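Q: predicted model and sequence below, questions to follow.
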Amino acid sequence: MKLSSTKTAQLLLPAAILLAWIAPATAQEAAASAASPDNTAISTQVVSPEAQAVLDRMTRYLRGLQTFSIETHASRDEVVALGYKLQNNERSVIVVQRPNKLRADISGDIRNRTIVYDGTQLTMYSPDDAVFARTDAPDTLADLIGILLDIGVEMPLIDVLYQATAGTLTSDVRGGILVGTSMIDGVATDHLAFRQANVDWQLWVEQGARPLPRKILVTTRYEVGDPQYQAVLHWNLKPRIHSSTFEFAPPKGVTEIPLDTPASTASGAP
């Protein structure tokens with residue numbers, strides 16, 4: 001899973017946790033640089049074998065799921081004037097049916113929106129603005145999520161979905177460890193911690209036969225207040241899917257607008 005650079009996907013990790021991992025990497029890079037004839041530094045990625053094993057187990061399991069839904073309860077920090085930090089709450093329900101169906105209904109303090117993908121078209125609806133936009137979409141969920149990440153359309157847990165289709169979580173990671181065991185909603189999980197260039201993040205993965213991500217915590221470093229995004233995930237691996245789940249019927253009074261207008265962009269962003 002490639003963590004997006006948008007505010008929804010900026011993750012947290014206390015510096016002390018990864019100090020033992022990052023410092024040796026820096027020393028190795030310096031030594032390699034001195035020994036190299038062209039003085040080019042060599043980048044070193046340090047993820048502990050224990051942390052990588054948990055990620056690999058989670059990835060294999062996610063990619064084996066055909067139909068599922070995720071209900072999330074999330075909070076995100078908003079830094080306002082004078083550095084005050086406000087917390088905004090959000091609830092989302094995401095339904096996925098492989099290979100090419102997705103629906104996300106999001107409600108929260110900042111904005112409400114719906115995203116529907118039926119295998120041929122992507123629809124983004126903003127009830128707050130009474131507008132929706134449609135566009136042709138690729139024929140697989142993996143291709144769709146890659147495009148959404150590339151164009152900056154934000155959606156809750158888009159990185160988790162990317163990991164479940166084609167992503168590689170550690171592609172930009174500079175350090176990562178298995179912290180230990182933690183209980184999330186009464187479920188034992190493996191607590192992982194990672195660091196990227198401007199992002200620290202933590203991930204809690206269910207232990208046992210269902211290695212599902214159960215909690216995500218993201219901190220954006222180098223921004224005032226170190227704002228965080230946090231989400232707790234509730235999974236349903238046998239959801240009831242109706243024939244209308246992946247259909248969008250515009251409510252009365254709603255206007256269709258081109259996808260490239262500011263309003264349509266807002267409808268797909270948190």
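A: Received, thanks.
Q: how about the residue nearest to V179 when sequence neighbours are not counted, secondary structure?
A: In space, and not counting its chain neighbours, V179 is closest to H191: 4.2 Å by CB to CB, 6 or more residues apart in numbering. (C-beta placed from N, C-alpha, C; glycine too.) For H191, the assignment made with DSSP: H, G, I helix; E, B strand; the rest coil gives strand.
Q: over to Y61?
A: Secondary structure for Y61, judged by three-state DSSP, is helix.
Q: what helix or strand is the residue lying closest to it once chain neighbours are set aside located in?
A: Using CB to CB, 6+ apart and skipping the chain neighbours, the partner closest in space to Y61 is P211 (4.8 Å). Assigned by DSSP states H and E, P211 falls within no helix or strand.
Q: how many neighbouring residues does P211 have?
A: Neighbours of P211 under the rule other CB atoms under 10 Å: 20.
Q: so it sits right up against A53, yeah?
A: No: the criterion here is CB atoms under 8 Å, and P211 misses it with A53 at 10.3 Å.
Q: please name the bridge partners of V187.
A: Note on V187: beta-bridge partners by DSSP bridges are I184.
Q: that one and L203, how far apart?
A: Distance, V187 to L203, by CB to CB, to the nearest Å: 14 Å.
Q: these two - which one has more neighbours?
A: With neighbours defined as other CB under 10 Å, V187 and L203 compare such that L203 has more, 26 against 15.
Q: just give the nearest non-adjacent residue to the more buried one, would you?
A: Using CB to CB, 6+ apart and skipping residues adjacent in sequence, the residue nearest L203 is L192, 4.6 Å away.
Q: I figured that neighbour hits G175, correct?
A: No: counting by CB under 8 Å, L192 stays clear of G175, with 11.3 Å between them.
Q: what about the helices in the stretch 151-270 of the chain?
A: Along the stretch 151-270 of the chain, counting by DSSP state H, counting those that start in this stretch, helices occupy 158-165, 262-267.
Q: and the gap between D105 and L178?
A: According to CB to CB, D105 stands 34 Å off from L178.
Q: just T135 next, same as before
A: The gap separating T135 from L178 is 41 Å, by CB to CB.
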